[in-house]
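> I'll drop the sequence and a predicted model, then ask my questions.
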Amino acid sequence: MAQAVLEHKINLEDDIRKYITGSYPNLEYQGKPVRIKDLVSFRSGFSKDLPDSELRKIQNDSSYIGFKKLDESYNKEKFFEDLKTMKLDTLPGTKFKYSNGSVQLAAHILENVYHKSYETLLKENIFSKLNMKSTQLNVDKNMIANGYNGKKLMPTISDNLWGAAGYLKSTLGDLTKFLAFELNTKNKLVLESQRNINNSDSDFNGYFWDGIQIDNNGKNCWKHGGAFGTQNMFLVYPERGLGISIIVNISNEKTANALGNAIVSLSGALLSNENSRKEIYGYKIIKDNVVFIYQHDKELDADLVKSVSIAGSFDNWNPKDKNYQMIRKNKNTFELSVPKSQFEKDKSQMFKFVINKTGWIEAPKNALNIETGGDKNLILKIE
């Protein structure tokens, strides 16, 4: 989709109905249509996913059987029938809501724009250019690794639509090639796909990313997905040249959190700056004030930092607290002076810096005032 925008075949401000086969007067809210930028940032306002089912509301160990039957019976004809009855529950462009239906619809739009199948577009524009020879939509079932829920063997996923939502099969080797592609900060296509297209002051989604945040290591983009018995977590820190992809052939209610924690731990360890000089980090006591100080790495793009706030035990860990929004002193330095009297004497207060209200910053290892366990928070103590 980013390529179509760069080639001027699609405009992000366009009404999506311009590229969809059929008439859909329902795809607007209070007269405002769903735009391409709303679709690719998961802000379409769609009230339901496609296909929609009660199975999504109540899931148990046997739900996969129902989902398997649903996927096998659901086709493009039913997809468009359901799209005609879709109701928007909010103004497009305002509320994030993940939707497989949005991704499938994007594949249909691309087919109409390029007059080629979605599978052909993948092969010509991604797989062949990146030499991803082991990645494809349709493969022999015997080549697919077994997926499990606990010890229960899961069936392979079915898709009679475009295959744009979790149907692609790949290997860790090919995903490594795709990681390298997403880390290329000079590639215009990569930059466009990771761009803050909604001009958000907080986190954003670019083109179909689950989330893009800014922290003390710069921009990080992540994508999580899975099917029956498998899950994958994909993360890139373009400004640091770090990419991580983890694939597991087990999937239950705990897997996503486990993968997320693993990604955070791995990236933190790999990006940590070993500094032998131990010092108090994050603040100084100047006369009767606590002066909080955050210095963003000068090697990173400081323009991506819209705000830095302080969240801690003294403000209910609220990064939106107006009293703890730091003041930008120069391009990379943020400060905030708070009277010492606002903090209880001889009591340890915990805090973290937060970029753009969502990018929680890990304390550096050389900090003397770091919590020994738990979340490794910074410690402030007024004596």
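Great, that's in hand. Numbers count the residues shown, from 1 in each chain.
> going forward, measure contacts and count neighbours with C-alpha atoms only.
OK.
> and the longest strand anywhere in the chain, which residues are buried?
Counting by DSSP state E, the longest strand found in the chain is strand 218-227. By 16 or more other Cα atoms under 10 Å, the buried positions in strand 218-227 come out as 218, 219, 220, 221, 222, 223, 224, 226, 227.
> ok, stretch 79-89 next?
By neighbour count on 16+ other Cα under 10 Å, the buried set for stretch 79-89 is 79, 80, 82, 83, 86, 87, 88.
> and for stretch 137-146?
Of the residues in stretch 137-146, 137, 146 count as buried by neighbour count, 16+ other Cα under 10 Å.
> backbone phi and psi for residue 173, please?
Main-chain dihedrals, residue 173, degrees, to the nearest 10: phi -60, psi -50.
> how far out from the middle of the chain is whichever helix or strand residue 68 is part of?
Per DSSP states H and E, residue 68 falls inside helix 63-73. Its chain's average C-alpha position is 27 Å from that of helix 63-73, according to Cα atoms, centre = their mean, to the nearest Å.
> any idea of the angle that helix forms with strand 218-227?
Note on geometry: by axes from the mean of the first three to the mean of the last three Cα atoms, to 10 degrees, helix 63-73 and strand 218-227 are set 90 degrees apart in direction.
> any idea of the mean pLDDT for stretch 27-42?
Here stretch 27-42 scores 97 as its mean pLDDT.
> what's that stretch in contact with?
By Cα atoms under 8 Å, 6 or more residues apart in numbering, the residues outside stretch 27-42 that reach it are 11-17, 44-45, 86-93, 96-99, 102-103, 106, 197-198, 204-209.
> just the residues you listed: which are in helices?
If you go by DSSP state H, the contacts of stretch 27-42 have 102, 103, 106 in helices.
> doesn't residue 162 make contact with the second one?
No - Residue 103 lies out of contact with residue 162 (Cα atoms under 8 Å); the separation is 9.3 Å.
> quick check: residue 80 is in a helix.
Yes - according to DSSP: H, G, I helix; E, B strand; the rest coil, the state of residue 80 is that of a helix.
> from residue 179, how far off is it?
According to Cα to Cα, to the nearest Å, residue 80 and residue 179 sit 34 Å apart.
> check residue 20 too.
31 Å.
> the more surrounded of the two?
Using other Cα atoms under 10 Å, the more surrounded residue of residue 20 and residue 179 is residue 179, with 21 against 18.
> could you find the closest non-adjacent residue to that one?
Of all residues not flanking residue 179 in the chain, residue 243 sits nearest, at 5.7 Å (Cα to Cα, 6 or more residues apart in numbering).
> tell me the mean pLDDT over whichever strand or helix holds that neighbour?
Residue 243 is part of strand 242-248, with elements assigned from DSSP H and E. The average pLDDT within strand 242-248 is 95.
> contacts for that strand, please.
Outside strand 242-248, the residues that touch it by Cα under 8 Å, 6+ apart are 172, 175-176, 179-180, 183, 230-237, 259, 263, 267.
> among those, which are in helices?
Those of these lying in helices (DSSP H): 172, 175, 176, 179, 180, 259, 263, 267.
> what comes up buried for stretch 13-27?
Under the neighbour-count criterion of 16+ other Cα under 10 Å, stretch 13-27 has 15, 16, 17, 19, 20, 27 buried.
> most widely separated two among those?
Using Cα to Cα, the pair of the buried residues of stretch 13-27 lying farthest apart is 19 and 27, separated by 12.7 Å.
> where does the stretch 101-250 of the chain have low pLDDT?
Within the stretch 101-250 of the chain, no stretch has pLDDT under 70.
> repeat that with 90
Residues of the stretch 101-250 of the chain meeting the criterion pLDDT under 90: 138-145, 149-159, 166-167, 225-229.
> all strands for it, in order.
Here the stretch 101-250 of the chain has its strands, by DSSP state E, counting those that start in this stretch, at 147-149, 152-154, 211-215, 218-227, 230-237, 242-248.
> can you list the strands that the second one pairs with?
Pointing back at strand 152-154 there. Sheet pairing for strand 152-154, assigned by DSSP bridges, gives strand 147-149 (antiparallel).
> same question, the last one
The strands beside strand 242-248 in its sheet (DSSP bridges) come out as strand 230-237 (antiparallel).
> pull the CA atoms of the partner strand into PDB?
Output of strand 230-237 as PDB, limited to C-alpha atoms (Å, rounded to 0.1, in the frame of the first residue of the first chain):
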ATOM      1  CA  THR A 230       1.600 -20.500  16.100                       C
ATOM      2  CA  GLN A 231       2.500 -16.900  17.000                       C
ATOM      3  CA  ASN A 232       5.100 -14.500  15.800                       C
ATOM      4  CA  MET A 233       6.500 -11.200  17.300                       C
ATOM      5  CA  PHE A 234       8.300  -8.900  14.900                       C
ATOM      6  CA  LEU A 235      10.200  -5.800  16.100                       C
ATOM      7  CA  VAL A 236      12.500  -3.300  14.500                       C
ATOM      8  CA  TYR A 237      14.500  -0.400  15.900                       C
END
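> which positions in it come out as buried?
So, applying 16+ other Cα under 10 Å, buried residues of strand 230-237: 230, 231, 232, 233, 234, 235, 236, 237.
> the first one against residue 251, yeah?
Read that as residue 230. Yes - between residue 230 and residue 251 there is a contact under Cα under 8 Å: 5.3 Å.
> next one: residue 157 from residue 321, what distance?
According to Cα to Cα, residue 157 stands 45 Å off from residue 321.
> same check, this time on residue 70
In terms of Cα to Cα, residue 70 sits 45 Å off from residue 321.
> then residue 376?
Remark: distance between residue 376 and residue 321 (Cα to Cα) = 21 Å.
> looking at these two, which one has more neighbours?
The residue with more neighbours, out of residue 376 and residue 321, is residue 376; 17 against 14, by other Cα under 10 Å.
> kind regards, and thank you for your time.
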